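>>> sharing a model that was predicted from the sequence below.
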2 protein chains.
Amino acid sequence: MYRPLAVRSGMLQSDWETIPEITCSGQLGALIALDRMGSRLHFSRDEEVYAQGDSDGAWYKVISGVVRISKLRADGRRHIASFAFGGDAFGLESAGERAFSAEAIGEVTLMRYPWAVTKRLTEENPAVARYLCEMAQKSLAAVQNRLILLGRMTAQERVASFLLELFERDDADHIDVAMSRCDIGDYLGLTTETVCRILSDLKRRGIIAVRTHAIDLTDRPSLEAIGEDRENKEVRARGFAAASKTELARTGTPALPQPL
Amino acid sequence: MYRPLAVRSGMLQSDWETIPEITCSGQLGALIALDRMGSRLHFSRDEEVYAQGDSDGAWYKVISGVVRISKLRADGRRHIASFAFGGDAFGLESAGERAFSAEAIGEVTLMRYPWAVTKRLTEENPAVARYLCEMAQKSLAAVQNRLILLGRMTAQERVASFLLELFERDDADHIDVAMSRCDIGDYLGLTTETVCRILSDLKRRGIIAVRTHAIDLTDRPSLEAIGEDRENKEVRARGFAAASKTELARTGTPALPQPL
DNA sequence: CGTTCGCTTGATATCTATCAAATCCTGTGG
DNA sequence: CCACAGGATTTGATAGATATCAAGCGAACG
């Protein structure tokens, strides 16, 4: 669970332009208005966008690259709450002080939107508010799915899920893995070693081809069989509702999937 | 991980009143406007407010009682994403189909707000939008903290954290534990048995007094020592930034807390 | 071209799940 | 009001998954 230290960089943020009075009401107008408010920033590997404890009143959106949203605890245990890829917004959750820090993984370009002007825009333009709300809701849904992964999935399922997520994001059978094994571990609640072992195992079984920072998917069905539970295999509660209480009770807890 | 089945109830929802044209712009006005749109509902033990797969276009707010937000997977593993107590909003994350189901734990009274009218209000009244946004952000922050609990905390720390959360919520040394041990387990990513064992151990050590549905806190400092990492012991990233990279690397991962 | 950090693999320890069984509660019916 | 039944809780014994400790390997970088 060791991790490289993020380098604090002087953020080269351009000055805000004076805020024009904007009252267009379409969704598109809202986004344009927002973009006018934002400044474009660039960060290099392991530079901090913000640190936990900071109180920079802004939220961000990734243009390119990957950002790591993480929390470090006094005992050294680190947890990565999420990776923000191109198009993802982050830093939405903070009212005052940052609970997490955000660091660039490799070269990153992003937009920074101060809350102050965002809030003003919000009042002038309902579409902006709706847009923000939607992004927060989207984040919320994403995080809630991760709760199940961390709370109830085996190491193998976690890694498979993670890989599938990456493959789907790029809609390809090839992905560049920007983050380190350690990052992946801290994201999935596993150790570096366990992540390695699972990857090696998947490779041995001919499901993926692994190179340090790139992975190819050679047997999608198998990988899905391992990790798909993530989304699809939910129970239709309605369906179950038909079963009697005791009947379900007797079934008990099914066995967990095969070991490593 | 067995669980009792929720009973699907015919929801006795009152008819909406015709929506008045509201254009007041204060926060208070927003809440009043929202409340006008909502209907008050009541549920009994294990009744479903909504089920996963449902698509009721609404969000909710708890007036009294506790609601369990959970997801059941095909293999029988269940996970509880959150408990919603009095004052908490839930069901905010769903755009279309419900990913989770919501069930009453004991007697519950709550407000139901349809998205359709909420959205309309949002456009008429920026304060409503902001209010919703804030609630979504609040939920987001809460869920993100649970990620760490599930990903990086031991069973003992999880239970201690959970108890502290309950004690803090009521601001008392006594709590009524409405949910079953099984619910707690599914919330913390543990089995019923483990939850029991931890509680028994805490009792044995004189930290809490346990009765089935009520717990007293007799030694707050000890409990905090076990579970407080949850919030407070975060590292000030700034502080660490001073240390050299290698220095921190050599420290390595510290040992985990004492066993059960 | 060497050094360093990250990755990989192996051996072992430990935590928590699983399986099993006794006891306690709670709600129900007499 | 009390006895009963069924589920919930608790405790014990054991197995298994993943963390921890340790060491070699490989790749990136100055």
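Okay, I see it. Predicted model, so just to flag it, every value in this text is computed and none were measured.

>>> all helices for the stretch 1-150 of chain A, in order.
A:27-37, A:115-124, A:126-152 (DSSP state H, counting those that start in this stretch).

>>> correct me, but A:R68 touches A:G106?
No. In this structure, A:R68 is not within contact of A:G106 by C-beta atoms under 8 Å, at 10.2 Å. The way it works is simple: take the backbone N, C-alpha and C, and place the C-beta from them, glycine included.

>>> below-threshold pLDDT in chain A: ranges please.
Residue ranges of chain A with pLDDT under 70: A:1-27, A:94-95, A:229-260.

>>> count of neighbours near A:I32?
Each residue near A:I32 was counted by other C-beta atoms under 10 Å in any protein chain shown, and the total is 12.

>>> could you dump stretch A:71-89 to CSV, C-alpha only?
Only the C-alpha atoms of stretch A:71-89 are listed here, as CSV (Å, rounded to 0.1, in the frame of the first residue of the first chain):
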residue,chain,number,x,y,z
LYS,A,71,-7.5,9.8,0.5
LEU,A,72,-4.6,9.0,2.7
ARG,A,73,-5.0,8.1,6.3
ALA,A,74,-2.7,8.7,9.2
ASP,A,75,-1.8,5.0,9.4
GLY,A,76,-0.6,5.0,5.8
ARG,A,77,-3.6,3.2,4.3
ARG,A,78,-4.6,4.9,1.2
HIS,A,79,-7.9,4.6,-0.7
ILE,A,80,-8.7,5.7,-4.2
ALA,A,81,-12.3,6.8,-4.4
SER,A,82,-12.3,7.1,-8.2
PHE,A,83,-10.4,7.6,-11.4
ALA,A,84,-11.6,10.5,-13.5
PHE,A,85,-11.2,9.9,-17.2
GLY,A,86,-11.7,12.3,-20.1
GLY,A,87,-15.2,13.8,-19.8
ASP,A,88,-15.6,13.0,-16.1
ALA,A,89,-16.2,15.7,-13.6
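
>>> which positions in that stretch come out as buried?
A:71-73, A:75-85, A:88-89 (16 or more other C-beta atoms under 10 Å in any protein chain shown).

>>> can you check stretch A:41-60 too?
Residues A:41-43, A:46-52, A:54, A:56-60 are the ones in stretch A:41-60 that count as buried (16+ other C-beta under 10 Å).

>>> what's the answer for stretch A:116-128, then?
For stretch A:116-128, the neighbour count (16+ other C-beta under 10 Å) marks A:V117, A:T118, A:K119, A:L121, A:T122, A:E124, A:N125, A:P126, A:A127, A:V128 as buried.

>>> mind putting those in JSON lines, distance to B:Q156 included?
Output for the buried residues of stretch A:116-128, formatted as JSON lines (distance: C-beta to C-beta, whole Å):
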{"residue": "A:V117", "distance to B:Q156": "46"}
{"residue": "A:T118", "distance to B:Q156": "41"}
{"residue": "A:K119", "distance to B:Q156": "42"}
{"residue": "A:L121", "distance to B:Q156": "47"}
{"residue": "A:T122", "distance to B:Q156": "43"}
{"residue": "A:E124", "distance to B:Q156": "51"}
{"residue": "A:N125", "distance to B:Q156": "49"}
{"residue": "A:P126", "distance to B:Q156": "48"}
{"residue": "A:A127", "distance to B:Q156": "48"}
{"residue": "A:V128", "distance to B:Q156": "45"}
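
>>> near chain B, from these?
Residues of these in contact with chain B (C-beta under 8 Å from any C-beta of the partner chain): A:K119, A:T122, A:P126.

>>> make CSV out of those and add distance to DNA strand D.
Below are these laid out as CSV (distance: C-beta to the nearest atom of the strand, whole Å):
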residue, distance to DNA strand D
A:K119, 41
A:T122, 41
A:P126, 45
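
>>> secondary structure element holding the residue in the stretch 101-250 of chain A positioned nearest to DNA strand C?
Residue nearest to DNA strand C within the stretch 101-250 of chain A (C-beta to the nearest atom of the strand): A:S200, separated by 2.9 Å. Using DSSP states H and E, A:S200 sits in helix A:192-204.

>>> give me the helices and strands touching the very next helix or strand once past that helix, please.
Using DSSP H and E, the helix or strand that follows helix A:192-204 in sequence is strand A:208-211. If you count contacts as 3 or more C-beta pairs under 8 Å, 6 or more residues apart in numbering or on different chains; DSSP states H and E, strand A:208-211 packs onto helix A:192-204, strand A:214-217.

>>> can you put the ones you listed in JSON lines and add mean neighbour count?
Formatted as JSON lines, these follow (neighbours: other C-beta atoms under 10 Å in any protein chain shown):
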{"stretch": "helix A:192-204", "mean neighbour count": "17"}
{"stretch": "strand A:214-217", "mean neighbour count": "16"}
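
>>> so which bits of the stretch 51-200 of chain A are right by DNA strand D?
Within the stretch 51-200 of chain A, the positions near DNA strand D by C-beta under 7 Å from any atom of the strand are A:T154, A:A155, A:Q156, A:G189, A:L190, A:T191, A:E193, A:T194.

>>> go with 10 Å
The stretch 51-200 of chain A comes close to DNA strand D at residues A:75-77, A:106, A:153-159, A:185-186, A:188-198, as judged by C-beta under 10 Å from any atom of the strand.
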